[in-house]
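Peer 1: sharing a model that was predicted from the sequence below.
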Amino acid sequence: MIGYFSPVALILVALVCLAMVRLVLGPTPADRAVAVDTVNTLIVAVLILLGVVYRQIIFIDVAIVYALLSFVSTLFIAKYIGGEL
């Protein structure tokens, strides 16, 4: 199982780096909000991957809570950008 960890982790790190570039260079606030949401989703994927590799359920629990908080923060950012907040 550990053998699959390195290539998948490298791909996820590369995707996070690409999303960070969009976060920094995004011409609009909506682009930046989507980049933050993408980074949060990739972090959840990394946490799930760690839970599978180390066979620890705590990583999955943390991933679920992080995903929930990420979703709520994305809703608040969307409302703020839309002018409703």
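Peer 2: In hand now; what should we look at?
Peer 1: report pLDDT for the most centrally placed residue in the chain.
Peer 2: Residue closest to the average C-alpha location in the chain (CA atoms, centre = their mean): residue 40, at 1.9 Å. According to the per-residue confidence, residue 40 scores 96 in pLDDT.
Peer 1: residue 7 too?
Peer 2: Among the per-residue scores, residue 7 shows a pLDDT of 88.
Peer 1: returning to what we had before: against residue 72, how distant is the residue nearest to the centre of the chain?
Peer 2: Separation of residue 40 from residue 72 (CB to CB, to the nearest Å) stands at 11 Å. All C-beta spots, glycine's among them, are computed from the backbone N, C-alpha and C.
Peer 1: what's the answer for residue 4, then?
Peer 2: Looking at residue 4 against residue 72, where the rule is CB to CB, the gap reads 32 Å.
Peer 1: do residue 6 as well
Peer 2: Counting by CB to CB, the gap from residue 6 to residue 72 is 33 Å.
Peer 1: if we can go back for a sec, residues of whichever strand or helix holds the residue nearest to the centre of the chain that come out buried?
Peer 2: Taking DSSP states H and E as the definition, one finds residue 40 inside helix 29-54. The neighbour-count criterion (16 or more other CB atoms under 10 Å) identifies 32-51 as the buried residues of helix 29-54.
Peer 1: who touches the lowest-mean-pLDDT helix or strand in the chain?
Peer 2: Least confident helix or strand, the chain: helix 2-25 with a mean of 89, by mean pLDDT, DSSP states H and E. By CB atoms under 8 Å, 6 or more residues apart in numbering, the residues outside helix 2-25 that reach it are 31-32, 34-36, 38-39, 42-43, 45-46, 49, 53.
Peer 1: next, the angle helix 29-54 makes with that helix.
Peer 2: Between the axes of helix 2-25 and helix 29-54, defined by axes from the mean of the first three to the mean of the last three CA atoms, to 10 degrees, the angle is 170 degrees.
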